[in-house]
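Okay, structure incoming, though there's no sequence with it:
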């Protein structure tokens, strides 16, 4: 299994520095992304954050949506420890695990929505991530991937098409600015799984 290309970047002192930034100056970025996600999150949903880092997006989602359950996955054990500390106030409805996007530690069809923010450009094998994201999503689920324009969006879309994954609504890319104007715009890719009920009509 390939691991994160820059795993060491997110261990030790680097984890503490980024956690401080994410809880402080960068918090508005995660708050904006959480607001952007709101219309896509079903009532009572289970949401997975891939590459959760110190868990600040999960914290914002937990604060804004007390009805949902949240799961975080990150390849860095230090980041997972930081996320658990940052999320302790939300109790058992938020859990965080060490894991790689190419081998997610979740059961098939176990989440309603996946989000990943500023993580996909670090994935060692974006092509291997696509079937894993599709595997853990329930029928009719969606994956929201937010990242810089240079992230491997073309790979994600082409692998999904070639392997007949995410065959629900057509994939959609758009530009979003999560709040404060000096922050660069992010690309938002939305992939959707097919609603299992469609075949039963």
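Yes, it's here. Please read these numbers as outputs of a predicted model, since none were measured by experiment.

In the chain, which residue is most central in space?
Centroid-nearest residue in the chain, with C-alpha atoms, centre = their mean: residue 116, separated by 2.3 Å.

give me every residue that touches that residue.
Neighbour list for residue 116: 49, 50, 51, 101, 143, 144, 145, 146, 147 [criterion: C-beta atoms under 8 Å, 6 or more residues apart in numbering]. Using the backbone N, CA and C atoms, a C-beta is placed for each residue, glycine as well.

can you do 10 Å?
If you count contacts by C-beta atoms under 10 Å, 6 or more residues apart in numbering, residue 116 has them with 48-52, 57, 73, 101, 123, 129, 133, 143-147, 151, 189.

Sitting in helices, which of those do you find?
Assignment to helices by DSSP state H places the following of those there: 57, 129, 133.

For residue 168, see how far away residue 160 is.
The gap separating residue 160 from residue 168 is 11 Å, by C-beta to C-beta, to the nearest Å.

Please read the previous query as pertaining to residue 58.
In terms of C-beta to C-beta, residue 58 sits 25 Å off from residue 168.

Tabulate the ones in helices among the contacts of residue 116 (a markdown table), appending neighbour count, distance to residue 88 and pLDDT.
Converted to a markdown table, the ones in helices among the contacts of residue 116 look like this (neighbours: other C-beta atoms under 10 Å; distance: C-beta to C-beta, whole Å; pLDDT from 0 to 100):
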| residue | neighbour count | distance to residue 88 | pLDDT |
| --- | --- | --- | --- |
| 57 | 29 | 16 | 96 |
| 129 | 26 | 29 | 98 |
| 133 | 25 | 27 | 98 |
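
Just want to know which of residue 58 and residue 168 has more residues nearby.
Under the criterion of other C-beta atoms under 10 Å, the comparison of residue 58 against residue 168 puts residue 58 first, with 27 against 17.

Hmm, residue 52 and the more buried one touching each other?
Yes. With contacts counted by C-beta atoms under 10 Å, residue 58 reaches residue 52, the gap being 5.9 Å.

Identify the contacts common to the two.
70, 71, 72, 83, 86, 87, 94, 96, 115.

Okay, and which of those map to strands?
Mapping the shared contacts of residue 58 and residue 52 onto strands (DSSP state E) picks out 70, 71, 72, 94, 96, 115.

Please determine how far the fourth one is located from residue 54.
It stands for residue 94. On the measure of C-beta to C-beta, residue 94 and residue 54 end up 13 Å apart.

overlap in contacts of these two?
Listed contacts common to residue 94 and residue 54 are 72, 83, 84, 86, 87; contacts here mean C-beta under 10 Å, 6+ apart.

Can you show me the strands along the chain?
For the chain, the strands defined by DSSP E occupy 46-50, 69-74, 94-98, 111-117, 137-147, 172-176, 186-192.

so which of those strands gets nearest residue 30?
strand 111-117 (7.2 Å; C-beta to C-beta).
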